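S.K.: Show me how the following folds:
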Amino acid sequence: MLGLVLWVGVLTYVAGGLVAALLGLVLGGVTFADAWKSGIYKRPGEKRFLNMSPMAWGIAMALLFIVTYPVYLLQRNKLRTIQSTNAFYWATVVVGAIVIVLLLLSVVAYYAK
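M.R.: Numbering: from 1, shown residues only. Predicted coordinates for the structure are as follows:
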């Protein structure tokens with residue numbers, strides 16, 4: 001968890017400021033928690049893009065949001081091995097939607113100048 005906070009926090013702060021760093025940490029954290037609770041673990045011997053540990057999903061979600069967010073949402077049910085609560089999943093969906101809205105607003109504000 002310390003690696004998640006260090007890399008995601010530092011890199012998103014450098015790239016987008018304090019709000020981006022906080023949103024990246026929250027999104028990475030809830031994705032990590034959801035993958036952990038859902039049993040999405042790295043399977044030894046498999047070599048695929050989707051074969052990642054919960055920590056890798058959290059870091060990828062925060063740093064490669066454009067690619068990882070739709071892939072995680074579409075593939076989550078196929079990857080999960082434990083039927084547990086969906087609270088962290090819905091937190092991932094909501095925080096990701098907030099990030100999308102903020103990205104769209106920043107693009108509109110940039111071109112409105």
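S.K.: Tell me if I'm right that residue 28 and residue 58 touch.
M.R.: Yes - between residue 28 and residue 58 a contact is recorded at 4.1 Å, counting by CB atoms under 8 Å. Backbone N, C-alpha and C define where each C-beta goes, glycine included.
S.K.: And the top helix by length along the chain, what's buried?
M.R.: With DSSP state H applied, the helix covering the greatest number of residues in the chain is identified as helix 87-112. Within helix 87-112, the residues scored as buried using 16 or more other CB atoms under 10 Å are 88-89, 91-93, 95-96, 99.
S.K.: Need the nearest residue in space to residue 89, chain neighbours excluded.
M.R.: Excluding its sequence neighbours, the residue lying closest to residue 89 (CB to CB, 6 or more residues apart in numbering) is residue 34, at 5.0 Å.
S.K.: how about that neighbour, phi and psi?
M.R.: Phi and psi for residue 34, reported as degrees, to the nearest 10, are phi -70, psi -40.
S.K.: Tell me the spacing between it and residue 106.
M.R.: Remark: distance between residue 34 and residue 106 (CB to CB, to the nearest Å) = 26 Å.
S.K.: And for residue 62?
M.R.: Taken as CB to CB, the spacing of residue 62 relative to residue 106 amounts to 17 Å.
S.K.: Kindly report the same for residue 44.
M.R.: Distance from residue 44 to residue 106, counting by CB to CB: 41 Å.
S.K.: Repeat that for residue 100.
M.R.: With the distance defined as CB to CB, residue 100 ends up 11 Å from residue 106.
S.K.: Chain neighbours aside, what residue packs nearest to the residue most central in space within the chain?
M.R.: Averaging the C-alpha coordinates of the chain gives a centre point, and the residue nearest to it by CA atoms, centre = their mean is residue 61 (2.6 Å). Leaving aside its sequence neighbours, residue 61 sits nearest to residue 31 (CB to CB, 6+ apart; 4.1 Å).
S.K.: Could I get the contacting residues of the one you found?
M.R.: Contacts for residue 31 were tallied using CB atoms under 8 Å, 6 or more residues apart in numbering; they are 57-58, 61-62, 72, 88, 92.
S.K.: Mind checking which of the residues you listed land in helices?
M.R.: When these are checked against helices using DSSP H, the ones located there are 57-58, 61-62, 72, 88, 92.
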